[in-house]
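Asks: this one's structure only:
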């Protein structure tokens, strides 16, 4: 089977790495950025590079791993051009607007909307990791709108890299992810900015940064282009999540300013419940 | 040398563990919570338990590792009672109010104000770790107000567990730590609360939580009593840090709501600089 991976960054590159190791699969890389193509070849993520047009003709499956605003434009164009025996999978972090963009496409059935919950704060071909997806969750949306053979092919690929797939509608996906992933990124980006803004003497940040700070600020190292697209494509829910978050922070600050120890303690005890939820 | 560790939680317990392994040191544990004393003995953190009064008489050095509001009350009382050849060190996360509480004490010179930048989100004797302090930074405040022999004794102890000590005044310490540590904790506690509040179906949190969420929310598992005291004792700077943080979040939300991609990108690119700062 020939698989074309469109977008050779962290997510696409990691798929390419894992899939290349399977004897029955040959992987081609596609990326508009030539430097990424060269780097992907050097790093051995892929054995060959194709143009998108070549990949649409020669590959059985395309995995699209570009920023979400590009996915939304690209998937309908790919579906326009491919023959009806091909499968197109996207692995972007938002799903509603992408699913919306293809919902009336005559070849909608050939498309599978997916989101593997895996990644790091790094980006580009160098960030691609073997085994990134091993044991991670994967969400497939609007399963019923994909043809059975397309879903089965996608699941075979996801299973082969160790992903555990669950199914969800696109709207629910975007809402949950706004809270459980996207909000974390905003919170971390703004934490980094706040600290950089006040600590003009960078040596002090470096000197004083504890492991606590490093873990909460880690996501502030993430790729701005990737995340601007995600936040904007999931604007409704990310904005709502941010509103709740800001309100809690404001309430906490008010309790602190008013020496209201009971409220501070109540909030923190309630937040502690995340321990039980995450460990179960 | 006999060292008494007052407070057998994560911080005190880890000191006890490391110091107990040194052949020239015997460590006694002191804790108002009897269950903590029993557990510390069972876990082998300490070989013996003393009352505070016994420790003040029998130990050469006392390391005080209780919540910061208790430290502030306890240090002057201990200084009242000890002979002038003893050394009292506190290892709390705020320094100004503690230094203020003892600044006019006739035995101020016997006291060393310190803050090792180490810890985890866990608490109690079970959380104590061997090697917690290895390679970590330690801040000693108001060095000039401590007697030379007291500072030297404290440094000898800190060096022996692998801490690298730097010196700072207490006000600067509290200001920097508000940004580089305390704000991270508030941000994480409130992130946990926001997500728990919206995600009434806890299974979805568990299912969808990616490593990004787990790292930003990790500190929300921290001990509320410890942190309520820290936030309140460093109220001025924590409140100021929170104000800046909320303002950035609000600006980010406004940019998102207004489809202002340039501002979103600008903020995230600036925040990315934390990568360079933390790695240098």
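Replies: Here it is on my side, so go on. These numbers come from a predicted model, not from an experiment. Residues are numbered from 1 along each chain as shown, chains lettered A, B, ... in the order given.

Asks: alpha carbons only for contacts and neighbour counts from here, please
Replies: Fine.

Asks: can you give me the helices for chain A?
Replies: For chain A, the helices defined by DSSP state H cover A:10-20, A:34-42, A:52-58, A:68-81, A:96-102, A:148-160, A:170-177, A:183-198, A:202-208, A:211-217, A:224-233, A:235-257, A:261-271, A:273-279.

Asks: Compute the distance from the centre of stretch A:10-18 to the centre of its chain.
Replies: Relative to its chain's centre, stretch A:10-18 lies at 12 Å (Cα atoms, centre = their mean, to the nearest Å).

Asks: which residues touch that stretch?
Replies: A:5-8, A:27-29, A:40, A:44-46, A:63-66, A:91, A:119-120, A:122-132, A:161 (Cα atoms under 8 Å, 6 or more residues apart in numbering or on different chains).

Asks: And stretch A:265-274, by the same measure?
Replies: By Cα under 8 Å, 6+ apart, stretch A:265-274 touches A:252, B:189, B:190, B:192, B:193, B:196, B:220, B:221, B:222, B:224, B:225, B:228.

Asks: List the buried residues for that stretch?
Replies: Of all the residues in stretch A:265-274, those buried under the rule 16 or more other Cα atoms under 10 Å in any protein chain shown are A:265, A:267, A:268, A:269, A:270, A:271, A:272, A:274.

Asks: Turn the residues you listed into CSV, including pLDDT.
Replies: Output for the buried residues of stretch A:265-274, formatted as CSV (pLDDT from 0 to 100):
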residue, pLDDT
A:265, 97
A:267, 97
A:268, 97
A:269, 97
A:270, 96
A:271, 96
A:272, 96
A:274, 93
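
Asks: Take the residues you listed and write them to a markdown table, including distance to residue B:82.
Replies: What follows is the buried residues of stretch A:265-274, written out as a markdown table (distance: Cα to Cα, whole Å):
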| residue | distance to residue B:82 |
| --- | --- |
| A:265 | 34 |
| A:267 | 39 |
| A:268 | 37 |
| A:269 | 37 |
| A:270 | 41 |
| A:271 | 41 |
| A:272 | 39 |
| A:274 | 43 |
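
Asks: Output the helices of chain A in a markdown table, with distance to residue B:261 appended to each entry.
Replies: Below are these laid out as a markdown table (distance: least, Cα to Cα, whole Å):
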| stretch | distance to residue B:261 |
| --- | --- |
| helix A:10-20 | 23 |
| helix A:34-42 | 24 |
| helix A:52-58 | 28 |
| helix A:68-81 | 12 |
| helix A:96-102 | 17 |
| helix A:148-160 | 33 |
| helix A:170-177 | 20 |
| helix A:183-198 | 14 |
| helix A:202-208 | 28 |
| helix A:211-217 | 22 |
| helix A:224-233 | 7 |
| helix A:235-257 | 12 |
| helix A:261-271 | 32 |
| helix A:273-279 | 33 |
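
Asks: of all those helices, which lies closest to residue B:144?
Replies: Closest of those to residue B:144 is helix A:202-208, at 21.1 Å (criterion: Cα to Cα).

Asks: Can you point out the buried residues in that closest one?
Replies: So helix A:202-208, judged by 16+ other Cα under 10 Å, has buried residues A:202, A:205, A:206, A:207, A:208.

Asks: Check the offset of it from the chain's centre.
Replies: Taking mean C-alpha positions (Cα atoms, centre = their mean), helix A:202-208 and its chain are 31 Å apart.

Asks: so what does that helix touch, helix or strand wise?
Replies: Applying 3 or more Cα pairs under 8 Å, 6 or more residues apart in numbering or on different chains; DSSP states H and E, one finds that helix A:202-208 contacts helix B:170-177, helix B:261-279.

Asks: quick one: average pLDDT of it?
Replies: Computed over helix A:202-208, the mean pLDDT rounds to 77.

Asks: Return the residues in contact with the residue in the stretch 51-200 of chain A that chain B sits nearest to.
Replies: Closest to chain B within the stretch 51-200 of chain A is residue A:193: 4.7 Å, counting by Cα to the nearest Cα. Shown in contact with residue A:193 (Cα under 8 Å, 6+ apart): B:248, B:267, B:270, B:271.

Asks: doesn't residue A:192 make contact with the first one?
Replies: Read it as residue B:248. No - in this structure residue B:248 lies outside contact range of residue A:192 using Cα atoms under 8 Å: 10.3 Å.

Asks: How about the residues of the stretch 1-150 of chain A by chain B?
Replies: Contact residues, the stretch 1-150 of chain A versus chain B (Cα under 8 Å from any Cα of the partner chain): A:117, A:118, A:119, A:120, A:137.

Asks: any chance of those in TSV, plus pLDDT, distance to residue B:171 and neighbour count?
Replies: TSV is the format used below for the residues of the stretch 1-150 of chain A next to chain B (pLDDT from 0 to 100; distance: Cα to Cα, whole Å; neighbours: other Cα atoms under 10 Å in any protein chain shown):
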residue	pLDDT	distance to residue B:171	neighbour count
A:117	95	43	25
A:118	94	41	20
A:119	91	39	20
A:120	90	36	18
A:137	95	46	20
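
Asks: Can you name the two of these that sit furthest apart?
Replies: Farthest pair in the residues of the stretch 1-150 of chain A next to chain B (Cα to Cα) is A:120 and A:137. Separation: 14.7 Å.

Asks: Give me the contact list for the helix or strand of chain A with the lowest mean pLDDT.
Replies: Least confident helix or strand, chain A: helix A:202-208 with a mean of 77, by mean pLDDT, DSSP states H and E. Applying Cα under 8 Å, 6+ apart, the set of residues contacting helix A:202-208 from outside is A:195, A:196, A:199, B:117, B:137, B:176, B:177, B:180, B:277, B:278, B:279, B:280.

Asks: tell me the pLDDT at the residue lying closest to the first one once chain neighbours are set aside?
Replies: Leaving out its chain neighbours, the residue that sits closest to residue A:195 by Cα to Cα, 6 or more residues apart in numbering or on different chains is residue B:179, at 5.8 Å. With respect to pLDDT, residue B:179 scores 93.

Asks: Can you name the residues that contact residue B:179?
Replies: Taking Cα under 8 Å, 6+ apart as the test, what residue B:179 contacts is A:194, A:195, A:198, B:237, B:238, B:241.

Asks: what about burial for those, which qualify?
Replies: Of those, these count as buried by 16+ other Cα under 10 Å: A:194, A:195, B:237, B:238, B:241.
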